[in-house]
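**Q** Okay, structure incoming, though there's no sequence with it:
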């Protein structure tokens, strides 16, 4: 089995396992107690906080442990927004943030605030000037991930932080995907991390609030973790999380070079091996271990099953949308093909042979799915120079497959109208046009669903 | 070392340790993923939920795992209050609830709701008719613990639940202290538990919401845990929590008899061995492993240090107030002596010899503390039949010590006025009067602090 979904959750690092075992025996008591077992627990907690703060590059008293990365994001954003309530209720997020950030944004909207979702380029990267242009007098907080969880693109956090600082607006950074590789540079104000992304155990996140940042913890809190994360500290897991962060950092520089070479291999060779593939995400400014591509005429779920049968565990789209039927919000915001989407995120220490085997297996897996899906007959009716494809009730990737089948049936300059009620079509038909150098004319409402207009150019 | 603070946190049960180790290897992947590692994680999660639901006595789909017992309490109360917002904003809690419940109540007040804190008797037990009398047309929720964390008193949950049901008000039960001993009986609507109280790992709580109970999860949520607890599931810890709950339940009946006998020994013998002691909490309707007593003229913190030096880890007052200077809210609500308070909570499997050694060591430890504190000279001025003790600026247990020293200096029928600005005096002086059979006349404001009036009866 080759597990290629480290961006979702990384297997426990051996150092984390060792630290967890040791502190199960030493660190189960309440660190706020004064007796021996409590004092020992307190010492372990203090040491873990020091190690984590050093890795983040912050003061010890700026860092609180939370019960997950998601918990850190939710508490961090809520507290920062409340701390600046007097300034206003405007929140800025990038359109490609992790769902935990977007869920917080939805809560802010429900509670009467306003949210601006900053667009990204085709590579998934935010343009600092575009982001900064959204800063307003009533902006309470801005959020930008350090790197995207789905396509690996690194964001210009330092530049955006500088512009936010100039405007007097705190910047919250979701650093879940990058913290194992290095500290986040720049003048950010708040930061969240998640231990199971760097080989630590589940159940531990961290929230950093820089000194001087206005922060008002929301909901009930207690005396634990500086009043920012209530409930009994999950001490053995915290100790393990800090130990593994230190361990992966020690190996980071070397492993980053190795993984970058392996993902580069996938980036270059997949389009050579598999026809009609779009590799997405920034080719240079990206995390070492993530590479994402989309395959035309392929249903992502089926492809995942095929790869699973071959012994490869990969994901399609964001972890938080894998069970829904809408295309991933990240791919949507980037405007790239969403069908047949595969994210490969290599775990540290992955064997080169496994990557090679993946490259050997992928073409056959994609071809197999395409063959299965190639069957449906398009319901096409010729009308002068225009052809209508009725793909109503059919789901991705069928509408694009049917479009591809009939484009040759209209003369150059002729028009194909694809009728579809599948949300993914609005993303995938324009993406297909770009890949095939046909003209995407636009969409218009139809009696049922939407009509997508494509002009044949060649 | 003898760890006698199991009510705060129990050491990891061997079964929990074993289950945790096994699922660190098998259960680190995302259970919402479709590939092999994800499916395996999903199976482990489903099995853990079944085991936990069986132990609680609820349906599988009524139970969500949370990141701690505190998290379960906070989310449970917030969701239940929001679900019945149209009914009103009135919340009923007992005055002796765990701080996590009281923190939720404070939030409810801050947000415009109203809270009734139901008084308890001297044993710490709620009277069902008194509780039910607080139910109003605008009562959204009532909360009652299954058993008190500080004195072990069991609450009449089934009777209160019946009265709540008759009034159409859901009852939330904080079952943290009792869940390892057995299911909570009665028609409760919501329930919270905490794994590290029953020998499971930290980082796992459980929230049960009965079918048909109106519930609206607050704050950002995601698709995990029925939308009631967001963030990546802490799977190895959840598996371990469920395994240890099953294990402690299998041993519960037998171990309860044994611990009850040991705590009964402490209840009976401490007053024989140590003068001026009050054992608090219900003598019959109580948890098997908890016994709490208070020692006159003793500073609890110093006594804890003495006992720690002798190798005993106990706590004083509630875990959440041990670092503050105010008396525990539980002892306050019960109206019992708070000075020199010691909670002994025996872990499962405790050796009888350790309890005997505790009984052997305690009298000397108390006597030592009393000797140290016996020094201060009262500043007493005789005024006719009245004597004024100026204990301003002196902290518990000094005001009571000074009162005890001068009571013999006034004639029978004479009055002692104790001037004190220590909050504990309002609790401890009446308690001393009851123990010494003197008349507590009452308190009145003084130029500085408060004057506590005591009439000598014998």
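**A** Yep, it's here. The structure displayed is predicted, hence computed values, not measured ones.
**Q** Flag every residue of the stretch 51-200 of chain A that's near chain B.
**A** Proximity of the stretch 51-200 of chain A to chain B (C-beta under 8 Å from any C-beta of the partner chain) is limited to residues A:67-71, A:74, A:78, A:99-100, A:103-104, A:106-107, A:194, A:196. C-beta: built from backbone N, CA, C; applies to glycine.
**Q** what about the helices in chain A?
**A** A:14-26, A:36-56, A:69-83, A:99-110, A:128-132, A:157-167, A:235-273, A:300-309, A:329-334, A:352-373, A:398-406, A:425-436 (DSSP state H).
**Q** Show me which positions of stretch A:222-232 end up buried.
**A** A:222, A:224-225, A:228-232 (16 or more other C-beta atoms under 10 Å in any protein chain shown).
**Q** go on, stretch A:346-356?
**A** A:346-348, A:350, A:354-355.
**Q** Chain B next: which of those are close?
**A** The subset of these within reach of chain B, by C-beta under 8 Å from any C-beta, is empty.
**Q** Narrow the residues of the stretch 51-200 of chain A next to chain B to just the buried residues.
**A** For these, buried by 16+ other C-beta under 10 Å: A:67-71, A:74, A:78, A:99-100, A:103-104, A:107, A:194, A:196.
**Q** now, among those residues, which is nearest to residue A:371?
**A** residue A:99 (33.9 Å; C-beta to C-beta).
**Q** re the thing from before, columns pLDDT and distance to residue A:8 on top of the buried residues of stretch A:222-232, output as CSV?
**A** Supplementary listing: the buried residues of stretch A:222-232 in CSV, determined by pLDDT from 0 to 100; distance: C-beta to C-beta, whole Å:
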residue, pLDDT, distance to residue A:8
A:222, 88, 32
A:224, 90, 29
A:225, 92, 26
A:228, 94, 26
A:229, 93, 23
A:230, 92, 28
A:231, 90, 25
A:232, 91, 27
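**Q** would you turn those into a markdown table with distance to residue B:136?
**A** A markdown table is the format used below for the buried residues of stretch A:222-232 (distance: C-beta to C-beta, whole Å):
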| residue | distance to residue B:136 |
| --- | --- |
| A:222 | 29 |
| A:224 | 34 |
| A:225 | 36 |
| A:228 | 35 |
| A:229 | 34 |
| A:230 | 29 |
| A:231 | 31 |
| A:232 | 34 |
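**Q** Chain B next: which of these are close?
**A** Okay, of the buried residues of stretch A:222-232 touching chain B (C-beta under 8 Å from any C-beta), that's A:222, A:230-232.
**Q** Going by distance to residue A:29, which of those wins?
**A** residue A:232 (10.2 Å).
**Q** how about residue A:138, what does it touch?
**A** A:87-90 (C-beta atoms under 8 Å, 6 or more residues apart in numbering or on different chains).
**Q** got a pLDDT number for it?
**A** What the model reports for residue A:138 is a pLDDT of 98.
**Q** what do you get for residue A:379?
**A** 46.
**Q** what do you get for residue A:435?
**A** 88.
**Q** and it, how many neighbours?
**A** 15 (other C-beta atoms under 10 Å in any protein chain shown).
**Q** how close does it sit to residue A:337?
**A** Noted for residue A:435: a distance of 7 Å to residue A:337, by C-beta to C-beta, to the nearest Å.
**Q** shared neighbours of these two, anything?
**A** With C-beta under 8 Å, 6+ apart, residue A:435 and residue A:337 have common neighbours A:278, A:296.
**Q** just to revisit the earlier point, farthest-apart pair in the buried ones among the residues of the stretch 51-200 of chain A next to chain B, please.
**A** Counting by C-beta to C-beta, the most remote pair of these is A:107 and A:196, 24.0 Å apart.
**Q** Return the member of the buried residues of stretch A:346-356 nearest to chain B.
**A** residue A:347 (10.9 Å; C-beta to the nearest C-beta).
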